[in-house]
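S.K.: Need coordinates for the below:
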Amino acid sequence: MNKMALAAVLPPLAIAKYGGRAAWCAAPIATVWMSALVGIAMGLNGDVAGSTQGPSHWVLAFGLFVWAVSSIWAVMVIRGVESDAAHTPDSTADRLAARADDDTDPLDQIRGLR
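M.R.: Next up, the predicted model:
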């Protein structure tokens with residue numbers, strides 16, 4: 001299955017297939033995706049308060065929106081990993097900012113409060 005199609009259907013699995021650099025992002029995407037599944041299930045089940053019968057359209061729409069967010073997030077992670085692996089000019093894999101000798105430690109202010 002294509003990476004982008006897999007990201008649309010099962011975003012956590014699309015990220016988990018990459019492993020390594022992208023694996024740290026699979027759990028948050030899975031959490032958002034499972035929230036979407038719960039929202040869709042609740043929307044299809046009906047109103048939470050039970051005042052109306054049939055599907056709750058706004059809950060269903062919100063669940064689909066959250067699913068779209070998790071899919072877009074997965075696609076962005078996949079593209080970021082691919083651009084880092086390709087060493088494109090905007091890649092940060094090989095181009096990290098070196099610390100200058102005159103840089104101060106950002107935690108010095110916090111340590112001074114003790």
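
S.K.: pLDDT below threshold where in this protein?
M.R.: 1, 19-21, 47-52, 88, 90-97, 99, 113-114 (pLDDT under 70).

S.K.: Where do the helices of it begin and end?
M.R.: All helices of the chain, identified by DSSP state H, fall at 3-9, 11-16, 26-45, 57-86, 108-111.

S.K.: Of all these, which one is nearest Asp102?
M.R.: Among the helices of the chain, the nearest to Asp102 by Cβ to Cβ is helix 108-111 (13.5 Å). Using the backbone N, CA and C atoms, a C-beta is placed for each residue, glycine as well.

S.K.: what comes up buried for that closest one?
M.R.: Under the neighbour-count criterion of 16 or more other Cβ atoms under 10 Å, helix 108-111 has nothing buried.

S.K.: now do stretch 31-41
M.R.: Val32, Trp33, Ser35, Ala36, Gly39, Ile40.

S.K.: which of the residues you listed lies closest to Tyr18?
M.R.: Trp33 (15.9 Å).

S.K.: how near is the closest residue to the closest one other than its chain neighbours to Asp101?
M.R.: Using Cβ to Cβ, 6 or more residues apart in numbering and skipping residues adjacent in sequence, the residue nearest Trp33 is Ser70, 4.2 Å away. According to Cβ to Cβ, to the nearest Å, Ser70 and Asp101 sit 44 Å apart.

S.K.: next one: Trp33
M.R.: Relative to Asp101, and taking Cβ to Cβ, Trp33 is found at 46 Å.
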